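Q: everything below, folded, please.
(2 chains)
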2 protein chains.
Amino acid sequence: MRAITLLIFTSFLFFSCAQKQEKAIISDALSVEEIKDSTNIKQLFDSALIEGKSYEWLRDLTQNIGGRLSGSTQAQKAVEWGEKLMKEVGLDSVWLQPVMVPHWIRGEKEIANYTINGKQKNVAICALGFSIATPSEGISAEVIEVKSLDEARALGTKMQGKIVFFNRAFDNTQIHTFKAYGGCVDQRVQGAAVCGEFGAKGVIVRSMTNSIDDFPHTGTMSYVDLPEEKYIPAAAISSQAAEILSADLKQNPTLQFYFKQSCKNLTDAPSFNVVGEIKGSKTPENIFVVGGHLDSWDLGEGAHDDGTGIVQSLEVAYLFKKNNIKPKNTLRVVFFMNEENGTRGAKKYAELAKLNKENHIGGLESDAGGHTPRGFSIDANTANTDLLISWKKLLAPYGLHDIEKGGSGADISPLKNENITLVGYRPDSQRYFDYHHTSRDTFDKVNKRELELGSASMAGIIYLMDKYLYNNTPVKP
Amino acid sequence: MRAITLLIFTSFLFFSCAQKQEKAIISDALSVEEIKDSTNIKQLFDSALIEGKSYEWLRDLTQNIGGRLSGSTQAQKAVEWGEKLMKEVGLDSVWLQPVMVPHWIRGEKEIANYTINGKQKNVAICALGFSIATPSEGISAEVIEVKSLDEARALGTKMQGKIVFFNRAFDNTQIHTFKAYGGCVDQRVQGAAVCGEFGAKGVIVRSMTNSIDDFPHTGTMSYVDLPEEKYIPAAAISSQAAEILSADLKQNPTLQFYFKQSCKNLTDAPSFNVVGEIKGSKTPENIFVVGGHLDSWDLGEGAHDDGTGIVQSLEVAYLFKKNNIKPKNTLRVVFFMNEENGTRGAKKYAELAKLNKENHIGGLESDAGGHTPRGFSIDANTANTDLLISWKKLLAPYGLHDIEKGGSGADISPLKNENITLVGYRPDSQRYFDYHHTSRDTFDKVNKRELELGSASMAGIIYLMDKYLYNNTPVKP
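A: Sure thing, here's the model as predicted:
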């Protein structure tokens, strides 16, 4: 009996924390209107957690279509899938926006190796998006390791005929892993442009990740304004291989690194943004857009990047409909095409919005993975930023504490003007770069509750934006 | 070129959020002393993320020892492992506290099935800890499904000769999953005691989880004060099997459910708490204890429950030593034995503390998994609770927002008195009950950064407690 008493007692101690927080939803000096908002937001969360569809949609997209690089058959299948799904959810109208997209293909699986102490080591690499192929026999050269673009530039013509190895690792002391990514990604994006200029034979770039593992991370690169004859092949190598290669170079600075890739830039391909909307009940001419990107890299299934963003965006509309919450303004869901290598869909969407004189009041993008909710980052004028931050008391009970000024996302930022309020959904970032742009970005890495909490978080802030934002900043069409 | 400009621009938008928050560490109107604290806390986080050892310790414990149920050979190996490791970390003294623990063994893998529409369905079950075995041939009986202990009690003798099936699911609308657990676990703990009283043949209990999957979750149960002749076997069935069985019972209410388990309660076994400490530099007679539990259930590797708590607790001491931060008070690390089925280690530790007139000022327990940090829950007097909550401005930059009154943990709560400040570390709870007490609680489910951020979070609050708590509430020994 005593064991049970203790168990009940310690359970009480343990759970009283959660109970207290639950009560805070309605006890933190909320106005009558805020209590109503808090009730509606709770309804959206309850609904997402009980009858949410996002997880099954994501299973379908990732398991039955998989990776969907712009221009690929899978990307086209994803467009059809998205259009069909939006119609099934019962949006008032659904349409496709044609857009021409870059069409880069990886070709055969890449090969890389080198020999040290008489032993051949195979190296996990993958071509970077937009990179050219190596000659069909591959390339073989000495390696020069550098830690930055500046260090590479300083080498000048010393890099002629060599492979330049960019090996600056993530700063793991950054709590927000996107900041570590931001501190390294110039190597991937511009490495080949810098080294092509000086006649390097190729570049290999340490994978963009916090973790030490053997999965190479692809991602976009650019030759910037280099003349085509100076283009050189660029590949990512796994973080573990980068560590080993760096150590081996200390032992044998003249080792010959070999790699071969057969990727190719084809002519632009036709594709589409998938767009659907719930017409606003009062001011349908005013639009809130919520979206993510439908394309993904080819190596994995595009689960966290950005299948989760897609299904969460549609679930916002689904939750509104399911709970009979009619947005005052038009709620538009967009599955943007080609975020990964070109953002052509985003540009096309903004271009058409301008052409059609559409009045976008706000936008919300989910493209930072499907992990547990942390908050939102706001790109808006001061008044609206402050307004959104003031909603923290309504959103914090759901783990949404990080509501602050910042960027939104690549797909909605082309809409930016002085009146629009752009918001980026910010889930927890710790695991994101374990999967980002790799073969590990698969459905099994996504947790159902975390995904649904994200949908509900997004629905919650859209509910508040729809209700208060227009009043706060009347925008003249 | 434009592509790059856009890329740099959108990167800026995206990362400025994180940058802003980073600055908040020292810009939020901190006093000179608080700036010093913030610098020291950042040092602890940097150290954990760069030179942390917890992940490799956890790999060793989970991969080389694995599950370690009280009384087992593996539990004894874990004691030896813990003692050796504490010595390697260089604690000032390390010792073992003998304690007798319950010794329950699972025996052979459990079997369960039933036949419906002429087809046999195998059912994923596992015996609950402390349950008796079925007869060696198993038991077979009709099933009565109930949703609560009260519903079972109301059946009274109608349950004679039947198997009672407790099938109340988690309330998935609870944001904190521990609260959903708290709302269901009485079925597991007391189901057999209630039904044994009325002559049921056995009980099967829906697994304690938010997810629908085929992994049964074990856990402790009790026959409370039932006389031994009324003991009946108790097993958990997977949530998926529970859903299917419930549907099948609607179709055929008299289906015969069969299960067989050969678990056994042996006589109590000798075991140990593993204890180590860094002697306080000023008031060594005052003690802060930080710990988790060394034992685990047998089905998995005891990774999130509670290998992570163990290695994080030791990492607190490691980080203090590595960064040459000398605690004023004694910092004691305890690997408690037998939290899962008896909390005998916790009781022994508190008993010895009292016997030796030790002066515990505070305690910190990590036993809620190794996921991304969210906060702390505080069981203390009002003054100290408020003091700890006031540290939010120093801890929030690391994602530690949920700092509030609540319970601490099963292993430190026996130390409770009016002066002690007990704290539970609270990581994100969304994924926890996917793994809890199952074969899925394995090393691969733990993320290195999330684990290390937890160690650093714990080190951060212990740093503050060691510095401020004694001054705030002088405790007379």
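Q: distance-wise, check A:Thr73 relative to chain B.
A: For A:Thr73, the distance to chain B equals 25 Å [C-beta to the nearest C-beta, to the nearest Å]. Every C-beta, even on glycine, is put in place using the N, C-alpha and C of the backbone.
Q: with A:Ala75 instead?
A: Distance from A:Ala75 to chain B, counting by C-beta to the nearest C-beta: 19 Å.
Q: please apply the same query to A:Gly363.
A: Between A:Gly363 and chain B the distance is 12 Å, computed by C-beta to the nearest C-beta.
Q: that residue pairs with what?
A: A:Val289, A:Leu422 (DSSP bridges).
Q: ok, it - contacts?
A: Contact analysis of A:Gly363 by C-beta atoms under 8 Å, 6 or more residues apart in numbering or on different chains lists A:288-291, A:408, A:412, A:415, A:420-423.
Q: between the residues you listed, which has the most around it?
A: A:Gly291 (32 neighbours; other C-beta atoms under 10 Å in any protein chain shown).
Q: give me the pLDDT for that one.
A: At A:Gly291, the model reports a pLDDT of 98.
Q: one more: A:Val475?
A: Note on A:Val475: pLDDT of 45.
Q: also A:Tyr470?
A: Note for A:Tyr470: predicted pLDDT of 71.
Q: quick one: it and A:Ile420, what's the gap?
A: A:Tyr470 sits 12 Å away from A:Ile420, going by C-beta to C-beta, to the nearest Å.
Q: got phi/psi on the nearest residue to A:Gly161 once chain neighbours are set aside?
A: In space, and not counting its chain neighbours, A:Gly161 is closest to A:Lys201: 5.5 Å by C-beta to C-beta, 6 or more residues apart in numbering or on different chains. When read as degrees, to the nearest 10, the backbone of A:Lys201 gives phi -90, psi -30.
Q: ok, A:Lys201 - how many residues close by?
A: Neighbours around A:Lys201, by other C-beta under 10 Å: 20.
Q: my read: it touches A:Val143, true?
A: No: A:Lys201 is not in contact with A:Val143 according to C-beta atoms under 8 Å; the separation is 10.0 Å.
Q: overlap of the contact sets of those two?
A: A:162-163.
Q: before we move on, back to that, so what sits against both of A:Tyr470 and A:Ile420?
A: What both A:Tyr470 and A:Ile420 touch, as defined by C-beta under 8 Å, 6+ apart, is the set A:Ile361.
Q: I'd like to know which elements the longest strand along chain A is packed against.
A: What stands out as the longest strand in chain A, according to DSSP state E, is strand A:264-278. Counting contacts by 3 or more C-beta pairs under 8 Å, 6 or more residues apart in numbering or on different chains; DSSP states H and E, strand A:264-278 is packed against helix A:73-89, strand A:93-105, helix A:308-322, strand A:329-336, helix A:344-355.
Q: export those to CSV and tack on mean pLDDT and mean neighbour count?
A: Putting the helices and strands packed on strand A:264-278 into CSV (pLDDT from 0 to 100; neighbours: other C-beta atoms under 10 Å in any protein chain shown) gives the following:
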stretch, mean pLDDT, mean neighbour count
helix A:73-89, 98, 18
strand A:93-105, 98, 18
helix A:308-322, 98, 27
strand A:329-336, 98, 28
helix A:344-355, 98, 19
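Q: so which of the ones you listed is nearest A:Asp295?
A: Closest to A:Asp295 of those is helix A:73-89 (C-beta to C-beta; 5.5 Å).
Q: what packs against that closest one?
A: Taking 3+ C-beta pairs under 8 Å, 6+ apart as the contact cut, helix A:73-89 packs with strand A:93-105, strand A:264-278, helix A:308-322, strand A:329-336.
Q: any idea of the angle the first one forms with helix A:344-355?
A: It stands for strand A:93-105. Relative orientation of strand A:93-105 versus helix A:344-355 (axes from the mean of the first three to the mean of the last three C-alpha atoms, to 10 degrees): 140 degrees.
Q: check which element follows strand A:93-105 along the chain.
A: On the C-terminal side of strand A:93-105, the closest following helix or strand by DSSP states H and E is strand A:111-116.
Q: where along the stretch 101-250 of chain A do the helices fall?
A: In the stretch 101-250 of chain A, the segments counted as helices under DSSP state H, counting those that start in this stretch are A:149-155, A:177-182, A:185-197, A:239-251.
Q: contacts for the last one next, please.
A: Outside of helix A:239-251, the residues within contact range by C-beta under 8 Å, 6+ apart are A:114, A:116, A:121, A:123-125, A:143, A:145, A:165, A:167, A:169, A:206-207, A:209, A:211-214, A:216, A:237, A:255, A:257.
Q: check whether the residue nearest the centre of chain A sits in a helix, strand or coil.
A: By C-alpha atoms, centre = their mean, chain A has its centre lying nearest to A:Asp367, at 3.2 Å. Secondary structure, DSSP: H, G, I helix; E, B strand; the rest coil: A:Asp367 is coil.
Q: which one of the helices of the stretch 101-250 of chain A lies nearest to A:Thr308?
A: Comparison of the helices of the stretch 101-250 of chain A against A:Thr308 by C-beta to C-beta identifies helix A:177-182 as nearest, at 15.5 Å.
Q: residue in the stretch 151-300 of chain A nearest to chain B?
A: Closest contact between the stretch 151-300 of chain A and chain B, by C-beta to the nearest C-beta, is at A:His176 (3.6 Å).
Q: quick one: that residue and A:Ser429 touch, right?
A: Yes: in this structure, A:His176 is within contact of A:Ser429 by C-beta under 8 Å, at 5.6 Å.
Q: quick one on the thing from earlier: which one of the contacts of A:Gly363 is nearest to A:Arg68?
A: Of all the contacts of A:Gly363, the one sitting nearest A:Arg68 is A:Gly291; the distance, using C-beta to C-beta, is 15.7 Å.
Q: after the lowest-mean-pLDDT helix or strand in chain A, next one along is what?
A: None of the helices or strands of chain A scores lower by mean pLDDT, DSSP states H and E than helix A:2-27, at a mean of 40. Sequence-wise, the next helix or strand downstream of helix A:2-27 (DSSP H and E) is helix A:32-51.
Q: what's the mean pLDDT across that following helix?
A: For helix A:32-51, mean pLDDT rounds to 97.
Q: any idea which helix or strand comes after that helix?
A: Next helix or strand after helix A:32-51 toward the C-terminus (DSSP H and E): helix A:54-60.
Q: so where's the stretch 351-477 of chain A shaky on pLDDT?
A: When residues are selected by pLDDT under 70, those of the stretch 351-477 of chain A lie in A:471-477.
Q: what segments of it are helices?
A: Per DSSP H, counting those that start in this stretch, the stretch 351-477 of chain A carries helices over the ranges A:382-390, A:392-395, A:432-435, A:448-464, A:470-472.
Q: check contacts around the residue of the stretch 251-400 of chain A found nearest chain B.
A: At 3.8 Å from chain B, A:Ser377 is the closest residue in the stretch 251-400 of chain A, using C-beta to the nearest C-beta. Counting by C-beta under 8 Å, 6+ apart, A:Ser377 touches A:402, A:404-408, A:423-424, A:426, B:14, B:17.
Q: try it again at 7 Å.
A: If you count contacts by C-beta atoms under 7 Å, 6 or more residues apart in numbering or on different chains, A:Ser377 has them with A:404, A:406-408, A:424, A:426, B:17.
Q: buried among those? Make that a PyMOL selection.
A: Selection of buried members from the contacts of A:Ser377 for PyMOL, criterion 16 or more other C-beta atoms under 10 Å in any protein chain shown:
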select buried, (chain A and resi 404+406+407+408+424+426) or (chain B and resi 17)
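Q: point out the residues in the stretch 51-200 of chain A that sit beside chain B.
A: Contacts of the stretch 51-200 of chain A with chain B, taken as C-beta under 7 Å from any C-beta of the partner chain, map to A:172-173, A:175-176, A:178-179, A:182, A:189.
Q: re earlier: buried subset of the contacts of helix A:239-251, written for ChimeraX?
A: Per 16+ other C-beta under 10 Å, the buried members of the contacts of helix A:239-251 correspond to this ChimeraX selection:
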select /A:114,116,121,123,124,125,143,145,165,167,169,206,207,209,211,213,216,237,255,257
